[in-house]
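[1] Predicted model and sequence follow; I will ask about them next.
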Amino acid sequence: MSTGLSCYVVYLARRFDVPWWVTVKMVWNVMLNAGFGAIPGVGSVFDVAYKPNLRNLHLLEEHLRRDAVERLGSDARQVDEAIRSARIEVLQEADMNEDEGKGKEAEKGEGVYPSLEDVEGPPPPLPHRD
């Protein structure tokens, strides 16, 4: 199960046209996770210590930020605004999908995602790896 979720992050990275060398790093993290995860007890310790899925998300976010800087220039405000607008689009899409699929629960406003009114100000900064 864990390996399947890890592979989904790699799949998303490929959809975002991540360079091949970043994908190789991500696949390596997934392989390590699967290999050590097959050993009872050791797999859990490895997940806590190495955090392969979090590493893959950092790799994906670094690529997306670099791509945004290349497209929008090095102005941090423009990049942050682009990321904020992308997050709002994701929330809007999630709200629309929720409205279609949940019926009465969507009418009550009991969603998984926060409403668009809850999204204020600049987006939180992305974590940086040292």
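    Structure's in. What do you need? Residues are numbered from 1 along each chain as shown.
[2] ranges for the helices of the protein?
    2-15, 20-37, 42-50, 52-72, 76-102, 104-108 (DSSP state H).
[3] Now these in TSV, please, with extra columns for mean pLDDT and mean neighbour count.
    C-betas here are computed from N, CA, C, even on glycine. Formatted as TSV, these follow (pLDDT from 0 to 100; neighbours: other C-beta atoms under 10 Å):
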stretch	mean pLDDT	mean neighbour count
helix 2-15	82	15
helix 20-37	91	16
helix 42-50	85	13
helix 52-72	83	16
helix 76-102	69	14
helix 104-108	49	11
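[4] and the nearest residue to residue 29 once chain neighbours are set aside, how far is that from residue 80?
    Among residues not flanking residue 29 along the chain, residue 52 sits closest, at 3.9 Å (C-beta to C-beta, 6 or more residues apart in numbering). Distance, residue 52 to residue 80, by C-beta to C-beta, to the nearest Å: 28 Å.
[5] Same question for residue 31.
    34 Å.
[6] Residue 62 too?
    For residue 62 relative to residue 80 (C-beta to C-beta), the value is 15 Å.
[7] just residue 22 next, same as before
    22 Å.
[8] Residue 29 now?
    Taking C-beta to C-beta, one finds residue 29 at 27 Å from residue 80.
[9] What of residue 63?
    Counting by C-beta to C-beta, the gap from residue 63 to residue 80 is 17 Å.
[10] which ones are touching the closest residue in space to residue 60 that isn't next to it in sequence?
    Spatial nearest neighbour of residue 60, excluding adjacent residues (C-beta to C-beta, 6+ apart): residue 13 at 5.1 Å. Listed by C-beta atoms under 8 Å, 6 or more residues apart in numbering, the contact set of residue 13 reads 22, 23, 26, 56, 59, 60, 63.
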